[in-house]
Each structure stands twice: as C-alpha cells, then as structure tokens.
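Visitor: structure, please.
(chains A, B, C and D)
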2 protein chains.
Amino acid sequence: MDRRQRRTRSLIFTAFSALLERKSYSSMTVQDIIDEADIGRSTFYAHFETKDELLKALCNDIFDHVFSAEIMSEEHHDFSHHSSFRDRITHILYHLQEKQQSIRGLFNGECGEIFLRYLKEYLCQVFDEHITIKDDVPHDYALDLAVSGFAETVRWWLKGHSEYTPEQMTDYFFCCTNIL
Amino acid sequence: MDRRQRRTRSLIFTAFSALLERKSYSSMTVQDIIDEADIGRSTFYAHFETKDELLKALCNDIFDHVFSAEIMSEEHHDFSHHSSFRDRITHILYHLQEKQQSIRGLFNGECGEIFLRYLKEYLCQVFDEHITIKDDVPHDYALDLAVSGFAETVRWWLKGHSEYTPEQMTDYFFCCTNIL
DNA sequence: ATTAATATAGGACAAGATGTTCGGTATTGA
DNA sequence: TCAATACCGAACATCTTGTCCTATATTAAT
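Guide: Okay, the predicted model is just below:
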C-alpha cells in the first residue's frame, strides 16, 4: 500500500473518530469528515464508497487488532490448552481498552448498533463452545444472551466506568450470568 | 384530536412500519413514507418535524400500550402484592407480542438502537428494585445487564422465534441470569 | 343546515448533500 | 530519472430536505 494511501486512510479514520465524539453518526455528512480530515472530496471517495463503508472499515481495523492475537493464539492452541476461558475474556478486554480512543465514539447512537453487531459476530465464535445449557433453554438463545451481555458489558465499561480493571469486569460479568 | 389528524397519523405509522420491513431506516426518505402513506408532503411535516421524531412517536405509542396496564396495575398495587416479578415480566411479553406487527421492523438496523434504548428506559423502572447484588458487583452494572438481557430476549423472540410462549421466554430468561 | 376553523393537497422553492468527472500537480517506488 | 498513481479542487447533475403558499375539503359546533 502506497505511503500516501496509508496517510490519507489514517487521516480519515482519525477525523471520523474525533467527529463521532461531538456529532452523531447520522447527522454527520461526508463533507464534515472531509473538512475535519482536510482532504479533497474526490480523495475521500477514492477510499470509501460511502460513510457506511468507512464505518465498516474502521470496525474491521479495530477487530483485527482486538482478535488477531486472540485468534492466533487459538490456532496455536495456547488458550485452549494453557489458559481458561476467563483469561481469554480478560485478554479481549485488554485489547479493547487499548483501542478505547477509537471505540468510545462508536458506541454513540446509531453506529453503536453496527459496531456492536460486528463485535457480537466475533464474540459468537469465542463463546459458542463455552455455553452451559440448563434445562431446555435453546442453545442459540443462550449464546445470543451471553454474547449480548458481554457486548453490553464492554459498552458500560468503556462509556464512563473505565476505572475498573479488565479482571474486575470479567469477574462482574461471570458473576451475573448463569450460563458460562 | 381531529378525526382527520388521527387518520393521517395512523396512515403514517402504518406506512412507516410497513416500509421498515423492506427498507432500512437510514435509507428510507421522508418521500418514501409520503408515497407509501399516500399523503401530501406538507401534511407529513404538519405532523412530524423529522423522520427521527416519527420514530420516537411510534415508540412512545407502543410503550404506552405495553406499559400502561403495567404501570396502572402497579399504582393499584396489584402486581406488587398479588403477583410475582416473573408474572410482571410475562405480562410485559404478552403486551409486546400484541404489538408484534409494529415492532418487528423496528428491530432492523439503526432504528433498533433507538427502539431498544427507549425500551430499556421503561424496563429500568421495572427491574430496579428486583436486582440481587452478588459480591461487589456495582448495582447499576447489574441493572444495565439485566435490562439489556431482557431487551435482547425480546428481540430474539420476536425476530424469528415467536413460536415460544411468553411463559417459556420468561423461564428461559430467568434461567440464564444470576441476578434476578 | 350553516358556518368558522382547520387539516390536507399540491406545487414551487432554496439550501444543502451526494456521488461523479476532469485536468493539473505532487509524491512515490523502482 | 521516470512512469505510475494518489491527491487536489473545481464543476456538475441529481436528490433530499424543510418551508411557504393557495385552494380545497372536512370537521365540529352552533
């Protein structure tokens, strides 16, 4: 990838994240992002077709960071054999905390929906085999509830309660659920 | 309220709900709603300032129906004295099921975020005093998790699993959580 | 039945956002 | 050094928005 492309892409991401802290996603125009990033109009459209595509790309960038080590470790069977499920959860929280700057604005309003949907997709893979079914509770309901609960935990944590440690949040989460 | 106003308001709500089933909220224009409802442009703006206001109004209409009996009963201390918390939850699910037609589309995409935020506000009042805190879990975290979990339960239920009864869903939900 | 009030229809309008195109400039990587 | 290409910036047609206006139709009250 060309150095100029990397620079522009980064400018757009930074501008977008910064804007999300003061403006809602839906009220934000492409022009706003262009002005904030201080780039040409056609340059933006050379990188992203729409505002939605930009959001998707940013989410993917974040999750690549958060889950890359996670998935790598899984491939090498580190976590499966040497670490507990709780440790994996804590591990994910650490990575999310590192990206807090970019993530905080993503929880706001309408794009929180999209961000959380992406997050849940990744989480499903992590949680799936660790669901403990009680009675006749449908498995996919339990999985959905666990994943949503954890996603909500992340949101609650990074939006105003980041004084807690990842270990504490893991404890709190496991303490409240009955299916993990 | 004038009969014409009621008719137009109803036409708009119906058109909006119907459109949400085939079109995403963000890609839907006011013009789409006007065409679907077959009303004049200025008529729409006489009722709602923006598309967002329309969404809010529809949410309020639904929750007025779902929680009106709920709140009324609470005032008369029926539920507090003669019914269990589980029964209240089941009761709410019954009312939500009645409004399924209007609600189903609301879960889609970006407006799901707004609908669920409203729903959670109401649920907070219902759940608040029934949270059982374990260890040092923060109360507002536990409340947030319980409310989000129930909201997610509603979504899961009405989006593709409406074959289950309200009683079953209540059982499933209570079975999975550790704080109620 | 009559009437005054008002909700709606429908056309027109400016302002703003969108997405595309183009030619010129500057940076890059080889 | 040089060919490739990313950026700039201006212009453009198109669409959406929200407002304003007048004429018409419906309503609720007398």
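Visitor: could I get the pLDDT score of residue A:79?
Guide: At residue A:79, the predicted lDDT confidence score is 48.
Visitor: next SSE after whichever strand or helix holds residue A:90?
Guide: Of the helices and strands defined by DSSP states H and E, residue A:90 is found in helix A:85-98. For helix A:85-98, the succeeding helix or strand toward the C-terminus, using DSSP H and E, is helix A:100-104.
Visitor: next, the buried residues of that following helix.
Guide: With burial defined by 16 or more other C-beta atoms under 10 Å in any protein chain shown, the residues of helix A:100-104 counted as buried are A:102, A:103, A:104. All C-beta atoms are positioned from the backbone trio N, CA, C, and that covers glycine.
Visitor: now do the helix holding residue A:90: distance to the chain's middle.
Guide: For helix A:85-98, the gap between its own C-alpha mean and the chain's C-alpha mean amounts to 12 Å (C-alpha atoms, centre = their mean, to the nearest Å).
Visitor: which residues are in contact with it?
Guide: Under the criterion C-beta atoms under 8 Å, 6 or more residues apart in numbering or on different chains, residues A:65-67, A:69-70, A:79, A:83, A:103, A:126, A:130, A:150, A:154, A:157-158, A:162, A:166-167, A:169-170, A:173-174, A:180 lie in contact with helix A:85-98.
Visitor: at 6 Å instead, please
Guide: Residues from elsewhere that reach helix A:85-98, judged by C-beta atoms under 6 Å, 6 or more residues apart in numbering or on different chains: A:66, A:79, A:130, A:154, A:166, A:167, A:169, A:170.
Visitor: closest to residue B:117 among the buried residues of helix A:100-104?
Guide: Checking those against residue B:117 with C-beta to C-beta, the nearest one is residue A:104 at 17.5 Å.
Visitor: circling back: point out the least confident member of the contacts of helix A:85-98, please.
Guide: The weakest per-residue confidence within the contacts of helix A:85-98 falls on residue A:79 (48).
Visitor: any idea of the angle the longest helix anywhere in chain A forms with helix A:85-98?
Guide: As assigned by DSSP state H, the longest helix anywhere in chain A is helix A:51-75. Using axes from the mean of the first three to the mean of the last three C-alpha atoms, to 10 degrees, the interaxial angle of helix A:51-75 with respect to helix A:85-98 works out to 140 degrees.
Visitor: what packs against helix A:51-75?
Guide: With contacts defined as 3 or more C-beta pairs under 6 Å, 6 or more residues apart in numbering or on different chains; DSSP states H and E, the packing partners of helix A:51-75 are helix A:109-127.
Visitor: buried residues in stretch A:20-39?
Guide: Neighbour count says stretch A:20-39 has A:20, A:23, A:25, A:28, A:33, A:34, A:36, A:37, A:39 buried, by 16+ other C-beta under 10 Å.
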